[in-house]
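Undergrad: Predicted model and sequence follow; I will ask about them next.
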Amino acid sequence: MDQDRGGLRTAPADSPPALSRGTVLVFAAACGNAVASIYYAPPLLAEMAGELRMSSATIGIVTTVTQLGYALGLLLVVPLGDRLNRRRLIGAQALLSVLALIDVALARTGTALLAGLAVVGLFAVLIQVVVAYAASLAAPVDRGRVVGLVTSGVVIGILLARTVAGTVADLAGWRAVYLVSAAATLVMTGLLWLVLPRHTDARQRIPYPRLIGSTFGLFVEVRLLRVRAILALLSFMAMTTLLTPMALQLSAPPFSLSTTEIGLFGLAGAAGAMAAARAGRQPDHQRTTGIGLGIMLAAWVPIALLPVSLWGLIIGVIAFDFGLQSVHVANQSLILPERPDAQSRLTAGYMMFYSIGSATGAIVSTVVYAHTGWAGVSVLGAAVSLTASLFWAFTQREGEPHDALPHG
């Protein structure tokens, strides 16, 4: 009879151990908590600027600095998952994240704030190490389900970050947001240490410079990574095209919503992401991708009704995030089995394109909104989503694998 040890049910020696649902949920919660730490700042910028006497131009780079730290982490930290013991790597990242969050909460100058947020971003890539580790621990038949549940935690963390930040800041100030986050991260560190397997997994003895260089080499070697990375870039560019100007539109007349009220729209997105958690269970990830991209494109129709209808936006956000999560899960379910010896590097390379897309969407949509308003943003978002759909269709004709079963 199988026994449960540290969240893992023992399995025959010739097959991977089956992850318990409780362990997977801890992974998902840890990832959601980590990613939220880099999305807390936007609703807090005005309060931060006032207290630390930072100019509008300076406070505006808070998000950029955090994302730059995250991008560096993807390049310099995540590949270490293919070289070091992952349990220790995850534990070290989590503890360093706690210290970085406390540093942000105690910042007394703008420089200290920016430095602290950059380090928060650097160690938030804990997410990607956990996702790759979860995929490697899961049995082949369960891999899609596991990736779907864990990445649902990521998307939900992104969407609820503004809600949590706005609510806590209204009650106790912006510093309390990061102190609460530090406490939550410390709790998640303990839970991860309990459920992560205690065996010493054999790692590759690859020199660090070569390890980093090989991350880029995977784009040459693995065509599926190139295709899915571009889909990630376009999908998350569409996401930030929606989310970045949305707060500006909702805070202006006729709605004039508060920061907390705007943050509640994250609940609608979270509902869509949770509904898509089952996407990883679908045996045909190509079909899941096509359906997800189609839903994302169609969602821009009700989203475009925002100037006259909040319900249109709510319906559109739920549908959009359902489609986005479906595509994201399918992407990772396909690429991670391609090179079992390089799953952390595959994740790092894929997520670099995610970051590029997210940053591009945020910048371009802000400019478009300033010149053409919400109608222009809706056209831009629909155009990006259409481009993603057409690119996916083209790759089908070019012969991207159309698996009937998940990779094993």
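TA: Received, thanks.

Undergrad: The stretch 1-150 of the chain: strands as residue ranges?
TA: 4-5, 8-9, 18-19 (DSSP state E, counting those that start in this stretch).

Undergrad: With the stretch 251-400 of the chain instead?
TA: According to DSSP E, counting those that start in this stretch, the stretch 251-400 of the chain contains no strands.

Undergrad: which regions of the stretch 251-400 of the chain lie under the pLDDT threshold?
TA: 259-260, 263, 266-284, 397-400 (pLDDT under 70).

Undergrad: Let me know the secondary structure of the closest residue to A105 other than its chain neighbours.
TA: Leaving aside its chain neighbours, A105 sits nearest to Y178 (3.9 Å; criterion: Cβ to Cβ, 6 or more residues apart in numbering). Bear in mind the C-beta positions are built from the backbone N, C-alpha and C, glycine included. Classification of Y178 by DSSP: H, G, I helix; E, B strand; the rest coil places it in helix.

Undergrad: how close does Y178 get to Y40?
TA: 7 Å (Cβ to Cβ, to the nearest Å).

Undergrad: Same question for P245.
TA: In terms of Cβ to Cβ, P245 sits 19 Å off from Y40.

Undergrad: Can you pull the poorly scored residue ranges out of the stretch 51-200 of the chain?
TA: 56-60, 199-200.

Undergrad: quick one: what helix or strand has the spatially most central residue of the chain in it?
TA: By Cα atoms, centre = their mean, the chain has its centre lying nearest to V154, at 4.7 Å. Under the criterion of DSSP states H and E, V154 resides in helix 143-172.

Undergrad: Pull out the buried positions in that helix.
TA: Under the neighbour-count criterion of 16 or more other Cβ atoms under 10 Å, helix 143-172 has 143-169 buried.

Undergrad: ok now it, how far from the chain's centre?
TA: 9 Å (Cα atoms, centre = their mean, to the nearest Å).

Undergrad: Over to stretch 92-110?
TA: That offset, for stretch 92-110, works out to 20 Å (Cα atoms, centre = their mean).

Undergrad: May I see the buried residues of stretch 184-201?
TA: A184, T185, M188, T189, L191, L192, W193, V195, L196, P197.

Undergrad: Which two among those are spaced furthest apart?
TA: Comparing all pairs in the buried residues of stretch 184-201 by Cβ to Cβ, the longest separation belongs to A184 and P197, at 23.4 Å.

Undergrad: isn't T109 right next to M48, touching?
TA: No: counting by Cβ atoms under 8 Å, T109 does not reach M48; the two are 11.4 Å apart.
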